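1. Next input, structure requested:
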Amino acid sequence: MGNYPVIDPVATGINIDGMRRAAGYSVAAMAEYFGFATTNAIYKWIHGTSMPTLDNVMALSMLFGVSVNDIVVMKKG
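-> Sure thing, here's the model as predicted:
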């Protein structure tokens with residue numbers, strides 16, 4: 001079977017944070033976009049301690065104008 005794809009949550013979080021900064025969004029503005037009461041989930045994504053759901057990855061894709069593949073980072077090796 002070989003190399004099963006595995007997402008790198010820390011690298012993905014770094015990606016999300018870079019896209020957020022490049023787009024000029026605050027963490028609070030992103031939390032509002034997703035309808036979250038707090039910024040906790042966004043910070044967890046950014047730090048790689050949790051991953052956004054597939055629905056939220058799609059929403060990030062639309063927010064940043066990029067493909068899902070541009071957001072998610074796969075582990076190497």
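2. What distance do you get for the residue sitting nearest the centre point of the chain to M74?
-> Central residue check for the chain by Cα atoms, centre = their mean: the C-alpha nearest the mean position is that of I16, 4.2 Å away. Taken as Cβ to Cβ, to the nearest Å, the spacing of I16 relative to M74 amounts to 15 Å. Every C-beta, even on glycine, is put in place using the N, C-alpha and C of the backbone.
3. Who are the packing partners of the longest helix along the chain?
-> Looking across the chain with DSSP state H, the single longest helix is helix 9-23. On a contact count with 3 or more Cβ pairs under 8 Å, 6 or more residues apart in numbering; DSSP states H and E, helix 9-23 meets helix 40-47, helix 54-64, helix 68-71.
4. Secondary structure class of V66, three-state.
-> Using DSSP: H, G, I helix; E, B strand; the rest coil, the structure places V66 in coil.
5. neighbouring contacts of stretch 30-46?
-> 12-14, 16-17, 20, 25, 27-28, 50-52, 56, 59, 63 (Cβ atoms under 8 Å, 6 or more residues apart in numbering).
6. again, only using 7 Å
-> Residues from elsewhere that reach stretch 30-46, judged by Cβ atoms under 7 Å, 6 or more residues apart in numbering: 13, 16-17, 20, 27-28, 50-52, 56, 59, 63.
7. Let's have those residues in TSV, adding pLDDT and distance to N40.
-> Shown next, in TSV, are these (pLDDT from 0 to 100; distance: Cβ to Cβ, whole Å):
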residue	pLDDT	distance to N40
G13	98	14
I16	98	15
D17	98	15
R20	98	15
V27	98	10
A28	98	12
S50	97	9
M51	97	14
P52	97	13
N56	98	14
A59	97	17
L63	96	18
